[in-house]
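Student: heads up, no residue letters with this:
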Ligand code: ADP
């Protein structure tokens, strides 16, 4: 299975991606996690990404697309993957399509976690207190939500037109939402 999980910041993508990828025995590839690991490790990539992340902006496509191309070339991603947090704009979606097309493959489905704005803000503020992520301050959260509706949400329509979209209600217990995702993928 070659999957993309899309949804606003705070929708619970990371939690669900982790569970669903394990169930399907495919790698969970989170661009946010990869960037954070690089920031923590002080790598060149981390230095390039850090200022954008802390401002709630997207890391430039050139940096992000190259990183994803590298990751998808790894042996564990050859039989499938679950992308979490990528693509996040039209340009990234086009690059991903090209990367896969070069290998004669394509996405099987794009799962959208549908969560209302208020739930998302509440979750993010809650996480800010618990995890202390540098991009979880109120101003930056607002910016990330704006970036999502301006740049990422249009992708939902794009994938719907391509017949790939499976929309799942992202409000409920973790187990319920996982079950909805699994059911949506089976349909
Ligand atoms: P969230 O979904 O809560 O916003 P992520 O962990 O997915 O968190 O991403 C955190 C930050 O990492 C983003 O705000 C952005 O700066 C950067 N990032 C992650 N994925 C991408 C991407 N595909 N393109 C550009 N920047 C990205």
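Tutor: Arrived safely, thanks for sending. Predicted model, so just to flag it, every value in this text is computed and none were measured. Numbers count the residues shown, from 1 in each chain.

Student: and the helices in this protein, which stretches?
Tutor: Taking DSSP state H to define them, one finds helices in the chain at 13-24, 31-41, 44-55, 61-72, 90-102, 117-131, 138-147, 153-161, 174-186.

Student: rank those by pLDDT, which is bottom?
Tutor: Sorting the helices of the chain by mean pLDDT places helix 117-131 lowest, at a mean of 87.

Student: can you pull up the most central residue in the protein?
Tutor: When the chain is reduced to its mean C-alpha position, the closest residue under CA atoms, centre = their mean turns out to be residue 85, at 1.6 Å.

Student: look up how far residue 144 lies from that one.
Tutor: Here the criterion is CB to CB, to the nearest Å. By it, residue 85 lies 11 Å from residue 144. (Glycine included, C-beta is placed from N, CA and C.)

Student: joint contacts of those two?
Tutor: Residues touching both residue 85 and residue 144 (CB atoms under 8 Å, 6 or more residues apart in numbering): none.

Student: give the contact list for whichever residue of the chain sits closest to the ligand.
Tutor: Closest approach between the chain and the ligand, counting by CB to the nearest ligand atom: residue 32, at 1.9 Å. The contact partners of residue 32, by CB under 8 Å, 6+ apart, come to 14, 84-85.

Student: please apply the same query to residue 71.
Tutor: By CB under 8 Å, 6+ apart, the contact list for residue 71 reads 29, 34, 77.

Student: I'd assumed residue 96 was in contact with residue 3.
Tutor: No: Residue 3 is not in contact with residue 96 according to CB atoms under 8 Å; the separation is 11.9 Å.

Student: which of these two has more neighbours?
Tutor: Neighbours per residue, other CB atoms under 10 Å: of residue 3 and residue 96, the larger number sits with residue 3, 24 against 21.

Student: now that one, nearest residue through space, not along the chain?
Tutor: residue 82 (4.7 Å; CB to CB, 6 or more residues apart in numbering).

Student: hmm, back to that, how near is the residue nearest to the centre of the chain to residue 187?
Tutor: Distance of residue 85 to residue 187, given as CB to CB: 24 Å.
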